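**Q** Quick one: sequence plus predicted model below, questions after.
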Amino acid sequence: MKSSPIVITANNFRVAQSSETPEGTDDGWLVVAEDEHTFDLLKVVGQEESLGISELAPGTYNQASMDIVSVVITRGGEQVEAAGPSTSFPRSPTASTTAPS
């Protein structure tokens, strides 16, 4: 069975770097791309895609987030715009960067 496209348009892509402070954990959000990007969610699962170029300080980034502009699902050949409770999609992977050598 062929999967139907789920086309997402999003902008304001952010990552959070967690750092320990005497008061606890401080998550600092950094914008890595502001422009709108449109992609088929089912085609990018498990793939890496560059959404922009941003220099990040070495460290561990434990969350990513984006603002959803629209979601269009194709069902039976008809495109339907989906609605949801939130326009922001947080995700909690952990990624690390290292200083350039």
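**A** Cool, got the structure.
**Q** could you pull out the strands for the chain?
**A** Secondary structure of the chain (DSSP state E): strands at 6-21, 24-33, 37-40, 59-75, 78-81, 88-91, 95-97.
**Q** and of the ones you listed, who's closest to residue 50?
**A** With distances scored as CB to CB, the stretch of the strands of the chain nearest to residue 50 is strand 24-33 (8.8 Å). No exception for glycine: its C-beta is placed from N, CA and C like everyone else's.
**Q** Between the strands of the chain, which has the poorest mean confidence score?
**A** When these are compared on mean pLDDT, strand 95-97 scores lowest, with a mean of 47.
**Q** so can I have a markdown table of the strands of the chain showing distance to residue 50 and mean neighbour count?
**A** Listed next are the strands of the chain as a markdown table, based on distance: least, CB to CB, whole Å; neighbours: other CB atoms under 10 Å:
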| stretch | distance to residue 50 | mean neighbour count |
| --- | --- | --- |
| strand 6-21 | 11 | 16 |
| strand 24-33 | 9 | 12 |
| strand 37-40 | 10 | 14 |
| strand 59-75 | 14 | 16 |
| strand 78-81 | 27 | 10 |
| strand 88-91 | 17 | 12 |
| strand 95-97 | 14 | 12 |
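**Q** State the distance from the residue nearest to residue 43 when sequence neighbours are not counted to residue 17.
**A** Nearest residue to residue 43 in three dimensions, chain neighbours excluded: residue 5, at 7.9 Å (CB to CB, 6 or more residues apart in numbering). From residue 5 over to residue 17 the distance is 33 Å, taken as CB to CB, to the nearest Å.
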